[in-house]
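Visitor: Have a look at this prediction, sequence included:
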Amino acid sequence: MVWLAAGSIGAERETDSLPRPILKRLVLDDFEAPPGVRSYGILDETLPERARGRLDWSRQACRRSGAAGHCMHLRYAFESARPAQVSFRIDLGDLDASAYDHVELWIKGDAEGFSPALKIGFRRPKPDQPRLMQDGTAVITGIGDGWKRIVVPLNTMAGISDWKHLRSFFVALESRRAGSARRGGYLIDDVVLLKVGGPGPTIVDEVMPRRKLAWQASVGGAEEAQRLAKQRLAGWPKRLLVDRSDLPRDDREFLERVARDTWRGLAELTDRENGLPIDHVRLSVSLEPPDSRVGDYTNVTTVGLHLAAVVSAYELGFVSESDAIARLARVLDTLEGLETHHGFFFNYYDTTSLERTSNFLSFVDSSWLTAGLMVVRSTFPPLAARASKLIDAGDYRFFYDEVAQQMSHGYYVNVPTRSEYHYGLLYTEPRLGSLIAIGKGDVPEEHWFTLVRAYPPEADWQTQRPRGWRTYRVRGHEIESGTYEWRGERYIPSWGGSMFEALMPTLVLDERRYAAKSLGRNDRVHASVQKRWATEQAGYPVWGLSPAANPADGSYGEHGVKILGALGYGAGAVAPYAAALALGELPEEATADLRELAARYDVYGDYGFYDSVDPRSGKVAYLYLALDQSMVLISVANLLKDHCVQKRFAADPIAQRVLPIIGEEDFFGVGP
């Protein structure tokens, strides 16, 4: 298990043959060397005691296919009924396996008992955080009481893409995978890397939008295609900046102006033909392509929040009911014609050709589309049946790892395999998706309570070790957690300390109302620490740190307040959308922050706030990102119109089923 993303499901393998001749072999361990020559050990020594299994190993004489030799005998035991795991490790030093494409081993179950499935994998340091590890794993099945040859393509072990600097090969035993076989063992022999010259598909394979490329060629190339992409849009900004003195001085009028300008941009930066929002526009002083760029593709989260943004515009009185329904119906028309897999939409589509441009199905992005559809069907009954059909098409069990009891990041259709990583930490933006999956009845309630509130003190890589570690029960589920603290403020951490991890779910879920002692209180503390850290410690005149464009070079990066995250991102540009997300928690302070941003920097344009500003240099990223603009509009609508979008979401049957789940827990005191 990696603290970053616990566990994995790789592709399950029963392969005992290879499609082509072996070109190269590297024996990792044949267990013929005497004890002391090869280094063995147990991974995850930092797991809390309750999560550890017992494992013994010994080198012993074995006979396979009539040949005498030695193998490794592993014996495991899980004493507790709680989920636990233990992993046997073969140290590899700093191995370069980039010349190989498969791993092979021989295995058979022990006479005293065994599970027919287990997990194998490799581990290497994360390139950007060497104290953390990357695991590439695969689940192997069909293990019996006779020797079985297992061959796994490295490309299916999706957590690793660079096969240099391997530190270890491991065999992971998990109590939930073992089932009733809580004690048992295995014989393992001849762990070998192979090169057969046919590595197969990878998670980084590109999807070529052939119709789009053919269209570009037919119109004279990519630059001319940019001009035509602009013409496909419903509108275009007429000026780069507004006169700051024109912005209202009254706070409510100011927010209404922000909302109206932001909605105009969201409405106009959509494709005229299919109604989909484009991902972004990046503007230059001239405002015209090719200097200004059109990102004519979209993401399913962007579409989901666009649906909620149309509802926000209706609630604010910017569009009539008939206009809102017409806009939403056009998007639904388009969605119903897009390519899907198991009822889920791919992560990206080209908005000109409507081809998918991704092999990845994302759990969190899918859930944001579902959230948008829930808001639509709660608001406009004439669209309810169509929205419900799209919601019901995808079963979130597709992403659920029943062993880890967590949601996978997603699924690669071309490999095919689930992502190596899981959303294991509660206080991040995928928590909304977990609730939706539970509310649909696709995954069990226990999933919510297996999510990590805070990592245990043994996890020494985190930004701080939690205090007040305790065990408590909620709705019959046992939870262990503690809290972080900064300058008197207690909280459970997000992953990176960014505003969108903390507060994006509150766009639709009123956590202050329905989870006052847990998520709601944590939301307010995260907003407060964001403000205090930026102004008191960093000395910024404005605040709001979250993933955003770097005004210096246009690159997009992760920013946050490090002490708010378990890992913690570094500070960077301030994002107006991050300040807008805090309107529900600190309405006066967040409004003042938005006013200061508009007054101090050239960051307010024809369609409202641009993506980001460097608070020290004043340099602005003149980028309108549809996702972030929708967050601004929805946040303002919830503040000005009495939680309007949150109420629409809460009225949906899916939300109604899960609201009781989040109401009882107390992150900060003794739970019920």
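Guide: Here it is on my side, so go on.

Visitor: Tell me where the stretch 451-600 of the chain has helices.
Guide: Secondary structure of the stretch 451-600 of the chain, counting by DSSP state H, counting those that start in this stretch: helices at 499-503, 511-514, 521-532, 576-581, 587-600.

Visitor: Of these, flag the one that's most buried.
Guide: Highest mean neighbour count of these: helix 576-581, a mean of 30 (counted as mean count of other C-beta atoms under 10 Å). Glycine gets a C-beta too; all of them are placed from N, C-alpha and C.

Visitor: Could you export that helix as CSV, keeping only the C-alpha atoms?
Guide: Only the C-alpha atoms of helix 576-581 are listed here, as CSV (Å, rounded to 0.1, in the frame of the first residue of the first chain):
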residue,chain,number,x,y,z
PRO,A,576,-10.1,34.2,-8.3
TYR,A,577,-12.2,31.1,-8.6
ALA,A,578,-10.6,29.8,-5.4
ALA,A,579,-11.8,33.0,-3.6
ALA,A,580,-15.2,32.5,-5.0
LEU,A,581,-15.4,29.0,-3.7
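
Visitor: Just checking: what are the partner strands of the helix or strand hosting I42?
Guide: Assessed by DSSP states H and E, I42 sits inside strand 40-43. Paired with strand 40-43 in the same sheet, following DSSP bridges, are strand 85-95 (antiparallel).

Visitor: just to revisit the earlier point, can you name the residues in contact with the strand holding I42?
Guide: 1, 55, 57, 86-91, 123, 168, 170, 172 (C-beta atoms under 8 Å, 6 or more residues apart in numbering).

Visitor: returning to that earlier point: generate TSV for the helices of the stretch 451-600 of the chain, with distance to A387 as supplementary columns.
Guide: Compiled in TSV, the helices of the stretch 451-600 of the chain are given as follows (distance: least, C-beta to C-beta, whole Å):
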stretch	distance to A387
helix 499-503	25
helix 511-514	22
helix 521-532	27
helix 576-581	25
helix 587-600	31
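
Visitor: The nearest residue to F88 once chain neighbours are set aside pairs with what?
Guide: Using C-beta to C-beta, 6 or more residues apart in numbering and skipping the chain neighbours, the partner closest in space to F88 is V171 (4.8 Å). Applying DSSP bridges to V171 gives these bridge partners: F88, I120.

Visitor: do you know how far V171 is from I42?
Guide: 11 Å (C-beta to C-beta, to the nearest Å).

Visitor: anything in contact with each of these two?
Guide: Shared contacts of V171 and I42, defined by C-beta under 8 Å, 6+ apart, comprise S87, F88.

Visitor: between those two, which one's more packed in?
Guide: V171 (25 against 16; other C-beta atoms under 10 Å).

Visitor: okay, and for this structure, where does confidence drop off?
Guide: 1-19, 44-47, 670-672 (pLDDT under 70).

Visitor: With Y577 as the reference, measure out to L594.
Guide: L594 is 10 Å from Y577, where distance means C-beta to C-beta.

Visitor: same deal with F114?
Guide: Distance from F114 to Y577, by C-beta to C-beta: 52 Å.

Visitor: what does A158 give?
Guide: 31 Å.

Visitor: quick revisit: selection in ChimeraX covering whichever of the contacts of strand 40-43 are buried, please.
Guide: Of those, the buried ones can be selected in ChimeraX as follows, counting by 16 or more other C-beta atoms under 10 Å:
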select :1,55,57,86,87,88,89,90,123,168,170,172
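
Visitor: Assess the claim that S367 and G433 are in contact.
Guide: Yes: counting by C-beta atoms under 8 Å, S367 touches G433, with 2.9 Å between them.

Visitor: Please compare the two by neighbour count and tell me which comes out ahead.
Guide: Shown here are S367 and G433; by other C-beta under 10 Å, S367 has more neighbours (27 against 23).

Visitor: where exactly do the helices run in the stretch 151-300 of the chain?
Guide: 175-178, 210-219, 222-231, 251-268, 300-315.

Visitor: So what's the residue count around P34?
Guide: Applying other C-beta under 10 Å, we find 8 residues neighbouring P34.

Visitor: how about it, phi and psi?
Guide: Dihedral pair for P34: phi -70, psi 160, per degrees, to the nearest 10.

Visitor: and the closest residue to V303 other than its chain neighbours, what is it in contact with?
Guide: Spatial nearest neighbour of V303, excluding adjacent residues (C-beta to C-beta, 6+ apart): L369 at 5.9 Å. L369 sits next to V300, T301, V303, G304, F345, L390 when contact means C-beta under 8 Å, 6+ apart.

Visitor: next one: V311
Guide: Applying C-beta under 8 Å, 6+ apart, the residues near V311 are A324, V375, V376, T379, C644, V645, R648.

Visitor: Quick check on the residues you listed: which are buried?
Guide: Applying 16+ other C-beta under 10 Å to those flags A324, V375, V376, T379, C644, V645, R648 as buried.

Visitor: pretty sure the fifth one is in contact with A637, am I right?
Guide: Meaning C644. Yes: counting by C-beta under 8 Å, C644 does reach A637; the two are 5.6 Å apart.

Visitor: Overlap of the contact sets of these two?
Guide: S312, E315.

Visitor: Now do stretch 517-530: everything it contacts.
Guide: Applying C-beta under 8 Å, 6+ apart, the set of residues contacting stretch 517-530 from outside is 427, 431, 486-487, 489-492, 494, 499, 502-503, 505-506, 511-514, 543-545, 561, 563-564, 578, 582, 584-586, 590, 662, 665-669.

Visitor: For PyMOL, write the select line for the buried members of the residues you listed.
Guide: Buried members of the contacts of stretch 517-530, defined by 16+ other C-beta under 10 Å, are picked up in PyMOL with:
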select buried, resi 427+431+486+489+490+491+492+494+499+502+503+505+506+511+512+514+543+544+545+561+563+564+578+582+584+585+586+590+662+665+667+668
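
Visitor: List the ones among the contacts of stretch 517-530 that fall in strands.
Guide: Counting by DSSP state E, the part of the contacts of stretch 517-530 found in strands is W486, E489, R490, Y491.

Visitor: still on that earlier bit, what touches both of L594 and Y577?
Guide: In contact with both L594 and Y577: F609, using C-beta under 8 Å, 6+ apart.

Visitor: ok so, going back, out of the contacts of V311, the closest to S180 would be?
Guide: Closest to S180 out of the contacts of V311 is V375 (44.2 Å), distances taken as C-beta to C-beta.

Visitor: Now do the contacts for the closest residue to E321 other than its chain neighbours.
Guide: The shortest distance from E321 to any non-neighbouring residue, by C-beta to C-beta, 6+ apart, is to Y314 (6.5 Å). Going by C-beta under 8 Å, 6+ apart, Y314 touches S320, E321, A324, T379.
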